[in-house]
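Participant: Predicted coordinates and the sequence they were generated for:
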Amino acid sequence: MPNVLTSPWDHPSQPLILIVEDSDEDFYTLLRAVDQVNAEISSSYSFLRLEDGDEAIDYLLRQGDYAGLDTPQPIAMLLDLNLPGTDGREVIQEVKQQDDLRALPIIVLTTSRNTIDIECCYRYGANSYLLKPMGSEKIQTTVQMLFQYWFNLAILPSQG
């Protein structure tokens, strides 16, 4: 099973992937798919889940409840769009306005096929926009391609 941090205050033992997802079902489905498609990736990264956009912004900006946090920033963020409070679109916009976070890859993983959402996310600076597929085989295929590209082929800013 992937190394999931139990608290944002935990120091990850491997590079951190931030998952901002309010749905327990979608989060655990994603983790199972990561574990099933690539055990090497599953054990090479730590994962942290935050459940809403406000918490994600506070965590990344080290403000509010996360003032004084000294853990490493994530190497990438998987982001749902429809979150309680500050939604994913606003998270992208806020993160990409920060000089020290602008290079953070943001991979939107959502059910929305709305062209307005897609255009908005890219305009705000999302690096990728993927649809959450239905069915375990399709989820595994999507997760496999996502992780193959972003964490095997692409050279991320923090890995340069």
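Facilitator: Noted; the coordinates are in hand. All of these numbers come straight from a predicted model, not from anything done at the bench.

Participant: going forward, measure contacts and count neighbours with C-alpha atoms only.
Facilitator: Fine.

Participant: what's the distance between the residue sitting furthest away from the middle of the chain and W9?
Facilitator: Using CA atoms, centre = their mean, the residue of the chain lying farthest from its centre is G68. It sits 22.0 Å away. From G68 over to W9 the distance is 10 Å, taken as CA to CA, to the nearest Å.

Participant: so what sits against both of the two?
Facilitator: Contact criterion CA atoms under 8 Å, 6 or more residues apart in numbering; residues shared by G68 and W9: none found.

Participant: which residues are in contact with stretch 145-157?
Facilitator: So stretch 145-157 is contacted by I41, I75, A103, L104, P105 (CA under 8 Å, 6+ apart).

Participant: Just put those in CSV and tack on distance to D117, neighbour count and pLDDT.
Facilitator: Shown next, in CSV, are the contacts of stretch 145-157 (distance: CA to CA, whole Å; neighbours: other CA atoms under 10 Å; pLDDT from 0 to 100):
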residue, distance to D117, neighbour count, pLDDT
I41, 30, 17, 68
I75, 24, 19, 95
A103, 21, 17, 96
L104, 20, 20, 97
P105, 18, 20, 97
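
Participant: which of the residues in the helix or strand hosting L60 are buried?
Facilitator: Assigned by DSSP states H and E, L60 falls within helix 53-61. For helix 53-61, the neighbour count (16 or more other CA atoms under 10 Å) marks G53, D54, E55, A56, I57, Y59, L60, L61 as buried.
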